[in-house]
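J.: Predicted model follows, preceded by the sequence.
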Amino acid sequence: MTKRSKAYRAAAEKIQSGVLYTPAEAVHLAKSTSITKFDATVDVVFRLGVDPRKADQMVRGTVSLPHGTGKTARVVVFAQGERAEQALAAGADEVGGDELIEKVAKGYTDFDAAVATPDLMGKVGRLGRVLGPRGLMPNPRTGTVTMDVAKAVSDIKGGRIEFRVDRASNLHFIIGKASFTEEQLTENFQAALEEVLRLKPSTSKGRYILKATMTTTMGPGIPMDVTKARGA
C-alpha cells in the first residue's frame, strides 16, 4: 500500500466517503485539495458504459475549452511547401516532411499533438506504432489530418483537447489548472461533458457515464454525479 503524505491525507479528509458531488462542488474541492507547490492540472476521468472493442462504440472526439487548458501545447506538423510555411506562421513548434517522419520513427515524441496534410498520410501512417499508443496519431475525425494546417495549429494552441476511450472504457481529459477560477473550470468541464454526451454511441445501452472522478495532479479523487450538471 502506498504511503500517502500528510498533505494528501489532510486533503482527502475534505472529501466525504460515499458522497457524489455536483461538478461545481467538485471544482471547489479540487481547488481546495490541490497539494502541489506548482500550478496543478485538473483532470477528469469518466468510466463509460461502452465496449471499445466494438468499432461502433468507440468514443473519440475533440472540444475547444472556453478558457483553454492553461498550458501551451507543443504541436508538430507533417507538411511541405506552402502548407509548411502556413503551419510555422500559425505557431507550430516543428514542421517537416520526410526528415520529421524519420525523426519520429526513431522515437521522437516530445510534443502534445500532431497534424498532417492528407498527401503525407501514406508515410505518416507508418508511424502508428510510435504515435498510436500515445494518442498522437493524426486523424481526419479529430481535424488533425487537414489541408488547413494553420487552423488546426491555432485550435490546438488555443485550448482544444482531444479525448479517446481506452481499452478499459475510461475516458480521460483535462479541464484546466488549479489557478483557474471556479467558474472557468466549471464552464470548461461543461463544454467537455456536453461533447462526450453528444458522442454517445447509438448502440450503447443502459447508463452511458457509469462513474466520474475529478482530481488534481497528485491530489485525491473527487467522485461526481454528472446528472446534476446543466444539460446532462
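T.: Looks like it came in fine. Residues are numbered from 1 along each chain as shown.
J.: Any idea how many residues pack against D56?
T.: Using other CB atoms under 10 Å, the number of residues around D56 comes to 10. For every residue, glycine as well, the C-beta is placed using N, CA and C.
J.: ok, now which ones touch it?
T.: By CB atoms under 8 Å, 6 or more residues apart in numbering, the contact set of D56 is 201-203.
J.: among these, which ones are buried?
T.: With burial judged by 16 or more other CB atoms under 10 Å, the buried subset of the contacts of D56 is P201.
J.: Okay, and which of the contacts of D56 map to helices?
T.: Per DSSP state H, helices hold no members of the contacts of D56.
J.: can the contacts of D56 go into JSON lines with extra columns for pLDDT and distance to E182?
T.: Shown next, in JSON lines, are the contacts of D56 (pLDDT from 0 to 100; distance: CB to CB, whole Å):
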{"residue": "P201", "pLDDT": "94", "distance to E182": "32"}
{"residue": "S202", "pLDDT": "91", "distance to E182": "35"}
{"residue": "T203", "pLDDT": "90", "distance to E182": "37"}
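J.: between the contacts of D56, which is nearest A92?
T.: P201 (33.2 Å; CB to CB).
J.: For stretch 83-100, report the contacting residues that lie outside it.
T.: Stretch 83-100 has contacts (CB under 8 Å, 6+ apart) with 74-80, 103, 111, 115, 117, 120, 123, 147, 149-151, 153-154, 157.
J.: Using the three-state scheme, assign the residue nearest to M137 when sequence neighbours are not counted.
T.: Leaving aside its sequence neighbours, M137 sits nearest to L131 (CB to CB, 6 or more residues apart in numbering; 4.2 Å). Put simply, L131 is helix when judged by DSSP: H, G, I helix; E, B strand; the rest coil.
J.: what about the helices in the chain?
T.: For the chain, the helices defined by DSSP H occupy 6-12, 23-32, 81-89, 98-105, 121-124, 128-131, 149-157, 182-198.
J.: that older thread, kindly write the ChimeraX command that selects the buried subset of the contacts of stretch 83-100.
T.: Buried subset of these, written as a ChimeraX selection, criterion 16+ other CB under 10 Å:
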select :75,76,77,78,79,80,111,115,117,120,149,150,153,157
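J.: so who does the residue nearest to R141 when sequence neighbours are not counted touch?
T.: Of all residues not flanking R141 in the chain, R60 sits nearest, at 6.6 Å (CB to CB, 6+ apart). Neighbouring residues of R60 by CB under 8 Å, 6+ apart: 139, 141-142, 162-165, 199.
J.: Just the buried ones from those?
T.: 139, 142, 162-165, 199.
J.: V115 contacts A152, doesn't it?
T.: Yes. In this structure, V115 is within contact of A152 by CB atoms under 8 Å, at 4.6 Å.
J.: For those two, list the residues in contact with both.
T.: Once CB under 8 Å, 6+ apart is applied, the residues that V115 and A152 both contact turn out to be 77, 144, 146.
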